[in-house]
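**Student:** here are the coordinates; sequence isn't available:
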């Protein structure tokens, strides 16, 4: 009787949730997801796979071929689909639409000490509509200025860092870059980086020469330096607009605004105001009391309260809109920055924001995008590294290898640059995006993400934050201390002959807190182990202001008066180095071992 009841229940469940004749999956699928699509328990699939000789867990991913064989056992066919195509939202064409002029979106960039913030304050004070001269309270990182000749949207970004990170995610909202250069200082390293970022984004540059009121101001020197970098002034026969300003005294601000509006007129910036709104996420944050709030710059269409939307992988409905002054508004037009409330999740900066027909459609697209993101995370998206470069070239995925060089001195950077550029061939062109002195910083990693470049450090190391971003984004940072070694390795990579190599594996970081002169032994560094474990047999890089001043073996390692084989993090120790006594308080020691790394097939 009991068995009959169980059989009846099984039949009823099979009738209620039959295995579909056809299911759609991606190239890989987890066992639990496949079971859900087939209306089966995950344990049924696991048992079937075990009988086929495969031991799997519920969250383990299986390939499409295995899934097809497994589904066939239950009478279902498998169709492999591209979820990417299903996540695209048809934006519609602007052909035949009433295209209207829109305000330009301007990013102000330059060296931190050259008066960028002062210039932004001075520009804000020209807002004739608000009537507030001096300080306008800013609620978001973008604002619109209404001048007597037209509106301009400014992106108040910290230097070029946020600008590049957005471009790395595919966001192109900037129309014009205003490059601020101090007349007394001239071109500085960050100025060069800003020019490289703007050129790589193919955005027109207007140069604002600031601090012209200073007695030591030298305009001709600034023009000469920028001409060498490819920014030729108009009066010298070039095509770059130069405007002389004093942000402190608010001189020349009107001329700069006129130059921006003239450049905007040349670009002929137009947008369709009568379609579903589209834009880009500038930033997003969680506001206590209001939930997730995101700053959006509208690129086309008109955004209104009540519009359903998809932002990145998250759906939502516009519940409220605020302008850059913090006032409620009913709608936002192209190039207008607004704060949007009504998100179901926090989107990333630079992600697309698109209004859709209804909330049901928004949720459907969002679910597919989230599934696609999980798939991509599991698949581990491949970046260009020296180890997979040859395969990438063979796949037709790259015709140009981009390199960023950072060295201890400018001379080394230029020497390495000229040596590497000679490697260019008909098939692969090697292009050095920038070659500068100094440690590898976040800006370099951001530029590498945006440009799919490899970073080469010559006698320098990445700062901790840059290393963390590089590890997260899988950006290849190669460190060398001999030029021909770098040239040889990149040449081998381009020819596909890169052999298994030895690699520095950092096992500990140590801070020098004191030094002691010991007869016969030389200088001993009194150290504190910050991370990892120091081993007596390891080697050391001595870093002074992020520049390598010595590389060699550990001669002695002691805890108090006793010799030690290793010292763990959180303990103090004494370290002596072979043939190097110039250890100073404040030096950082990078303890490493040379390990062999076999080349992996991509």
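**Tutor:** Ah, there it is. The shown structure was predicted, so the numbers you read here are calculated from the model rather than taken from an experiment. Numbering: from 1, shown residues only.
**Student:** Report the separation between residue 463 and residue 477.
**Tutor:** 11 Å (Cβ to Cβ, to the nearest Å). C-beta: built from backbone N, CA, C; applies to glycine.
**Student:** do residue 270 as well
**Tutor:** 42 Å.
**Student:** out of these two, which sits in the more crowded spot?
**Tutor:** More neighbours surround residue 477 than the other of residue 270 and residue 477, with 21 against 15 (other Cβ atoms under 10 Å).
**Student:** what residues are up against that one?
**Tutor:** 440, 455, 456, 457, 462, 467, 470 (Cβ atoms under 8 Å, 6 or more residues apart in numbering).
**Student:** 10 Å instead, please
**Tutor:** 385, 404, 406, 440, 444-445, 448, 454-457, 461-462, 466-467, 470-471 (Cβ atoms under 10 Å, 6 or more residues apart in numbering).
**Student:** For stretch 401-416, give the mean pLDDT please.
**Tutor:** In this model, stretch 401-416 carries a mean pLDDT of 82.
**Student:** Give me the buried positions along it.
**Tutor:** 401-408, 412-416 (16 or more other Cβ atoms under 10 Å).
**Student:** For residue 326, give me the backbone phi and psi.
**Tutor:** Torsion angles at residue 326 (phi, psi; degrees, to the nearest 10) stand at phi 90, psi 10.
**Student:** Next step: the contacts of residue 477 restricted to strands.
**Tutor:** Members of the contacts of residue 477 lying in strands (criterion: DSSP state E): 404, 406, 454, 455, 456, 457.
**Student:** need the longest strand for the chain.
**Tutor:** Counting residues, the longest strand found in the chain (DSSP E) is strand 501-518.
**Student:** Tell me the helix or strand right after that strand.
**Tutor:** Using DSSP states H and E, the helix or strand that follows strand 501-518 towards the C-terminus is strand 522-535.
**Student:** What mean pLDDT does the helix or strand just after that following strand get?
**Tutor:** Counting by DSSP H and E, the next helix or strand C-terminal to strand 522-535 is strand 539-544. For strand 539-544, mean pLDDT is 93.
**Student:** rounded to a whole number, what's the mean pLDDT of the helix or strand following strand 539-544?
**Tutor:** Per DSSP H and E, the first helix or strand lying C-terminal to strand 539-544 is strand 547-559. In this model, strand 547-559 carries a mean pLDDT of 92.
**Student:** Quick check: which helices or strands does strand 547-559 pack against?
**Tutor:** strand 522-535, strand 539-544, strand 566-568, strand 572-577, strand 588-597 (3 or more Cβ pairs under 10 Å, 6 or more residues apart in numbering; DSSP states H and E).
**Student:** coming back round to it: okay, and the common contacts of residue 463 and residue 477?
**Tutor:** Listed as contacting both residue 463 and residue 477 by Cβ under 10 Å, 6+ apart are 440, 444, 445.
**Student:** before we move on, back to that, now list the buried members of the contacts of residue 477.
**Tutor:** 385, 404, 406, 440, 444-445, 448, 454-457, 461-462, 466-467, 470.
**Student:** Out of the residues you listed, give me the two with the largest separation.
**Tutor:** Largest separation among the buried ones among the contacts of residue 477 by Cβ to Cβ: 385 and 461, giving 18.3 Å.
**Student:** Can you tell me which helix or strand of this structure has the lowest average pLDDT?
**Tutor:** helix 161-168 (a mean of 45; mean pLDDT, DSSP states H and E).
**Student:** so what's the residue lying closest to residue 57 once chain neighbours are set aside up against?
**Tutor:** In this structure, residue 57 finds its nearest non-sequential neighbour in residue 31, 7.2 Å apart by Cβ to Cβ, 6 or more residues apart in numbering. Neighbouring residues of residue 31 by Cβ under 10 Å, 6+ apart: 42-43, 45-46, 49, 56-62, 66-67, 70.
**Student:** try it again with 6 Å
**Tutor:** 42, 45, 56, 58, 60 (Cβ atoms under 6 Å, 6 or more residues apart in numbering).
**Student:** wait, the first one sits on residue 59?
**Tutor:** Spelled out, it's residue 42. No. Contact criterion Cβ atoms under 6 Å: residue 42 and residue 59 do not qualify, at 9.2 Å.
**Student:** So these two - more neighbours on which side?
**Tutor:** For residue 42 versus residue 59, the count of surrounding residues by other Cβ under 10 Å is larger for residue 42: 18 against 10.
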